[in-house]
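# Whatever this is, show me its structure:
(chains A and B)
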Amino acid sequence: MTSKKWLLSYHLMLLPGILLLIIFSTVPLFGTVIAFQDFIPGIPILKQTWSGLDNFKFMIQLPDSRQVFINTITIASMKMVLGIIIPITFALLLNEIRARSYKRIVQTIVYLPHFMSWVILSGILIAMLSIDGIVNQITHLFHAEPVMFLASNTYFRQIIVWSDVLKEFGFSAIVYLAALAGINPSLYEAAEIDGATRFGKLRHVTIPGIMPTIVLLSTLSLGNILNAGFDQVFNLYNPLVYSSGDIIDTYVYRMGLVDQQYGLATSVGLLKSVIAIILISISNKLADKFAGYRIF
Amino acid sequence: MVLSKSWGSRSADVFIYFALTLIAFISLFPLWYTIALSFSDKAAVNAGRVFAWPVGFNLTSYKIILQDHKFFAAFIISVKRVLLGGAINFVLTVIMAYPLARDNKKFPGRTIYIWYLVFCMLFSGGLIPLYMTVTNLHLQNTLWSLVLPGAVPVFNVILIMNFFRNLPKELEEAAVVDGAGPLYTLLRIFIPVSMPALATVTLFSIVGHWNSFFDGLIYMNKPSMYPLQTYIQQLVVRIDPELMKTLTSEQLIELSKASDKTLNSAKLIVAMIPLLAIYPFLQKYFVHGIVLGSVKE
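Prediction:
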């Protein structure tokens, strides 16, 4: 039995953190009621006029919101698919290398972009993709007309998706590398005795060995289908590419904090959170079912 | 035993080395290119003559930054934010993880706390309600607006809680027998033996604080109070949307050509230096840290 003194100190240790969570996590949760109000800044929440579902109805009628929804899902699902395929391919390639120092150098390089902020990386990308940047210099060698890539609806989504791949593939590969390291070496020995080729070992030992990890991470990533990456899009987009690149989070920011339509912006954000919660629960259920994974 | 590799296997090796070297090159090139721009002559950059090596090597941009008070003010604000925010994250992580790592029997309230943490991790009010909470508390234009909303890193608390739970029970029992109180046990036993795990989560929270720009943008009304990433976002990355709507594409091209790419690149590089400085430590710990997240009893 724990003494009263110890129990009391447990509660006291938790107190500051819990208070901060109540203030900055739970209180804002109640603040979402303004999604059902005709909110005017400067008046206390309880004295605002209630407008029922008007904000939601208005939101659905806006032509922008449909496009924003499509953009979000398109960008997020492209990222999701490439964010699985490319790290796995990279991990499999790296796994074939025996030279340790070479391996370590490659890993050091490819993990680095993960730690760079999107502000910095966007600054770099803007320089590279600008009208006199290196990409246009290279295409110029092949007599192509210079393109303003970041102002072009043809290229914008591709740039978003591939720059995200560039930033994250190395770091995402760590989990697969850990899974690859966990495969029992005697399986490879047995395959060799059975006369398996290098490709045969890859197909019959390596891939099945990391399959549970692949299934797990794929199902968990489903919960992110509405997260197209605010920091990245916010730093790379501009009004010329709103039609292909504006996503829910940037839309909420502009509508709410720039145009001061708090009620409307909150209703969009709330709808997103509700869908996200449903998706996260589904993906966690699936992950539990297929890979026996539970967060707790 | 020496295995002689088949011709096919050896050519596969060549291909793999080639592919990986190419991948590493692509990952590193953007950074390399920016460094090359920052040391180049402004005219050479604007004429599009810089590829992978500085043209007309000079240090002008870095000299300008050294004299740029606004840049340094922003840098200092970021450093303060990292120190304050990192310290708060660290303290809250350990003092919350420690009691939560007790058995349910020893700490009857534990389950309720855990559920509340999970609830907070899953449900958030979103941008506008959080913004209103922070402004109602009059935290705008203070460092607190940047560190308090994310003061409890819930995911890290759970991670470290799991780590504490996997430590041998004897460690704590011995301390209790010797008459140690809970705080003493945490400070003298749990923290020292968990240093690698704590270093991992702390380094990650430091990087998070250093890299974030958005809270600085929305909570700081005066540009003189921007942390470094917000400062860079506003001065280097952002194009004024109003301007964008009114200009023709020829004018936009002119605008893009007029921007000082050399100086901007140098600013990006200087903003990255602290990160590059802690990167070796990060790399030492984070692989371990990721594996640690999956460890459960």
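
# Tell me if I'm right that A:Ser243 and A:Asp64 touch.
No - checked against C-beta atoms under 8 Å, the pair A:Ser243 and A:Asp64 is beyond contact range at 9.2 Å. (C-beta placed from N, C-alpha, C; glycine too.)

# Show me chain B divided up by domain.
Following automatic domain parsing, one finds the domains of chain B at B:7-58, B:68-292.

# Quick check: which of the ones you listed is buried the most?
For the domains of chain B, the largest average neighbour count (mean count of other C-beta atoms under 10 Å in any protein chain shown) is found in domain B:68-292, namely a mean of 18.

# Distance of B:Gly181 relative to B:Glu172?
Counting by C-beta to C-beta, to the nearest Å, the gap from B:Gly181 to B:Glu172 is 12 Å.

# Show me whatever sits in contact with both of the two.
In the contact map built from C-beta atoms under 8 Å, 6 or more residues apart in numbering or on different chains, no residue is linked to both B:Gly181 and B:Glu172.

# and B:Tyr17, what is it in contact with?
A:97, A:102.

# Residue 30: which element?
Went with chain A since none was named. Following DSSP states H and E, the helix or strand that holds A:Phe30 is helix A:27-31.

# if you could check chain B rather than the one you did, that'd help
Here B:Pro30 sits within helix B:7-38, counting by DSSP H and E.

# quick revisit: show me what the helix holding A:Phe30 is packed up against.
Where contact means 3 or more C-beta pairs under 8 Å, 6 or more residues apart in numbering or on different chains; DSSP states H and E, helix A:27-31 is packed against helix B:127-136.

# who does the helix it packs on touch, helix- and strand-wise?
Helix B:127-136 sits against helix A:27-31, helix A:248-253, helix A:262-291, helix B:214-219, with contacts defined as 3+ C-beta pairs under 8 Å, 6+ apart.

# Could you tell me the least trusted of the ones you listed?
Taking the mean pLDDT of each of the helices and strands packed on helix B:127-136, the lowest value is held by helix A:262-291, a mean of 86.

# Does anything pack onto that one? Which helices or strands?
Applying 3+ C-beta pairs under 8 Å, 6+ apart, we find helix A:262-291 packed against helix A:54-61, helix A:207-221, helix A:248-253, helix B:127-136.

# Check whether the longest one comes into contact with chain B.
So that's helix A:207-221. No - for helix A:207-221, no contact with chain B is found by C-beta under 8 Å from any C-beta of the partner chain; the gap never falls below 10.0 Å.

# Pull the helix or strand following that helix out as CSV, backbone CA atoms only.
Counting by DSSP H and E, the next helix or strand C-terminal to helix A:207-221 is helix A:230-236. Once side chains and other backbone atoms are set aside, the C-alpha atoms of helix A:230-236 remain, and they are given as CSV (Å, rounded to 0.1, in the frame of the first residue of the first chain):
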residue,chain,number,x,y,z
PHE,A,230,0.1,23.2,-43.4
ASP,A,231,3.6,24.4,-42.8
GLN,A,232,4.7,23.3,-46.3
VAL,A,233,1.8,24.6,-48.3
PHE,A,234,1.7,27.8,-46.4
ASN,A,235,5.3,28.6,-47.2
LEU,A,236,5.2,27.6,-50.9
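
# in helix A:230-236, what's buried?
The neighbour-count check on helix A:230-236 (16 or more other C-beta atoms under 10 Å in any protein chain shown) flags A:230-236 as buried.

# Contacts (any at all) between chain B and that helix?
Yes - if you take C-beta under 8 Å from any C-beta as the test, helix A:230-236 does meet chain B, through A:230-231, A:234-235.

# Against which helices or strands is that helix packed?
Checked by 3+ C-beta pairs under 8 Å, 6+ apart, helix A:230-236 has helix A:118-129, helix A:156-181, helix A:248-253, helix B:214-219 packed alongside it.

# right, so the ones you listed: which one is the most enclosed?
In terms of average neighbour count - mean count of other C-beta under 10 Å - the standout among the helices and strands packed on helix A:230-236 is helix A:118-129, at a mean of 25.

# helix or strand right after that one?
Note on helix A:118-129: by DSSP H and E, the next helix or strand toward the C-terminus is helix A:134-141.

# burial of the closest residue to chain B within the stretch 151-296 of chain A, as a residue count?
In the stretch 151-296 of chain A, the residue that lies nearest chain B is A:Gly269 (3.6 Å; C-beta to the nearest C-beta). Neighbourhood size, A:Gly269 [other C-beta atoms under 10 Å in any protein chain shown]: 26.

# Look up the closest residue to it, ignoring the ones flanking it.
If you skip the residues right next to it in sequence, A:Gly269 has B:Gly126 as its closest partner in space, 3.6 Å away by C-beta to C-beta, 6 or more residues apart in numbering or on different chains.

# any idea how far that neighbour lies from B:Leu275?
29 Å.

# Over to A:Trp50: give its phi and psi.
For A:Trp50, the backbone dihedrals (degrees, to the nearest 10) come out as phi -80, psi 140.

# What distance do you get for it to A:Gly263?
10 Å.

# the more surrounded of the two?
More neighbours surround A:Gly263 than the other of A:Trp50 and A:Gly263, with 23 against 9 (other C-beta under 10 Å).

# Can you say which of the helices and strands packed on helix A:262-291 is nearest to A:Val135?
Closest to A:Val135 of the helices and strands packed on helix A:262-291, according to C-beta to C-beta: helix A:248-253, at 24.1 Å.

# Name the spans of the stretch 101-250 of chain B whose pLDDT lies under the cut-off.
Low-confidence segments of the stretch 101-250 of chain B (pLDDT under 70): B:239-247, B:249.
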